[in-house]
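Novice: next comes the sequence, and after it the predicted model I'd like to discuss.
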Amino acid sequence: MAIKTSFTPDEWKLIMQSPMMAGIAVSAAEPSGIFGLLKEGMASARSLIKAKTDPSADELIKSVADDMGTSDGRTAAQDGVKATLAGAPPADIKAKAIDELRQVSALLDRKAPADAVAFKTWLSETAQSVAAAAAEGGFLGFGGHPISDIEKATLAEIATALNVPAAPPSA
């Protein structure tokens, strides 16, 4: 089982950023306004909290959740996300986030094959939760679709980048 010490500091930073990148890819695909963005951010945070408290969660997922629970871990992940996306025009953010997920997938396949499928599936499920967090196309939070066609396409792109089946719709 892989844990933080199984990776170089740069590799670990890439892994730490991955849950945020999964959420950012979905949010960037179809922005949901300020309230939608807050809901989507909370969905991403809930994924980490659930992983931290789930006794059956994969050890690598728990290691990420534990590290994100520290100020240093959150800062390193946030700084990495900022550096990756710095200067990117809004139209390129989704593509950059998905490309980073592709890199994480390759890294996990190479250095943590026993944990790769569970971790990558968790990232896909995190993206699914973010997509379902805020309805798209409604008015003031009413109506609309739980997951838009654009978000569905982005979820499929994420699953492809991670080389896992797309997470089943949760809404």
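Specialist: Now that the structure is in, tell me what you want to look at. Numbering: from 1, shown residues only.
Novice: only C-alpha atoms from now on, for both contacts and neighbour counts.
Specialist: OK.
Novice: hang on, residue 165 packs against residue 158?
Specialist: No - in this structure, residue 165 is not within contact of residue 158 by CA atoms under 8 Å, at 9.6 Å.
Novice: and the two? Which one has more around it.
Specialist: Set residue 165 next to residue 158 and count neighbours by other CA atoms under 10 Å: residue 158 wins out with 30 against 13.
Novice: quick one: that one from residue 73, how far?
Specialist: Counting by CA to CA, to the nearest Å, the gap from residue 158 to residue 73 is 24 Å.
Novice: what do you get for residue 57?
Specialist: 19 Å.
Novice: any stretches of this structure with poor pLDDT?
Specialist: Across the chain, residues meeting the criterion (pLDDT under 70) sit at 32-37, 41, 135-145, 167-171.
Novice: show me where it has its helices.
Specialist: Applying DSSP state H to the chain gives helices spanning 9-29, 33-53, 59-68, 71-85, 90-111, 113-133, 149-162.
Novice: of all the ones you listed, which lies closest to residue 2?
Specialist: helix 59-68 (5.7 Å; CA to CA).
Novice: other residues contacting the closest one?
Specialist: 1-4, 15-16, 48-49, 51-52, 73-74, 77, 115, 119, 122 (CA atoms under 8 Å, 6 or more residues apart in numbering).
Novice: now the residue nearest to the spatial centre of the chain: closest residue in space that isn't a chain neighbour?
Specialist: Against the mean C-alpha coordinate of the chain, by CA atoms, centre = their mean, the closest residue is residue 22 at 2.4 Å. Nearest non-adjacent residue to residue 22, counting by CA to CA, 6 or more residues apart in numbering: residue 127, 5.2 Å away.
Novice: distance check, that neighbour against residue 166.
Specialist: 10 Å.
Novice: overlap in contacts, these two.
Specialist: residue 155.
Novice: distance-wise, check residue 85 relative to residue 154.
Specialist: For residue 85 relative to residue 154 (CA to CA), the value is 18 Å.
Novice: now do residue 84
Specialist: Counting by CA to CA, the gap from residue 84 to residue 154 is 19 Å.
Novice: neighbour count for those two, which is higher?
Specialist: residue 154 (25 against 17).
Novice: quick one, what contacts the residue nearest to the more buried one when sequence neighbours are not counted?
Specialist: Distances taken as CA to CA, 6+ apart put residue 26 closest to residue 154, at 6.3 Å, once the chain neighbours are dropped. Contacts here follow CA under 8 Å, 6+ apart; on that basis residue 26 touches 94, 127, 130, 131, 151, 154, 155.
Novice: much appreciated, bye for now.
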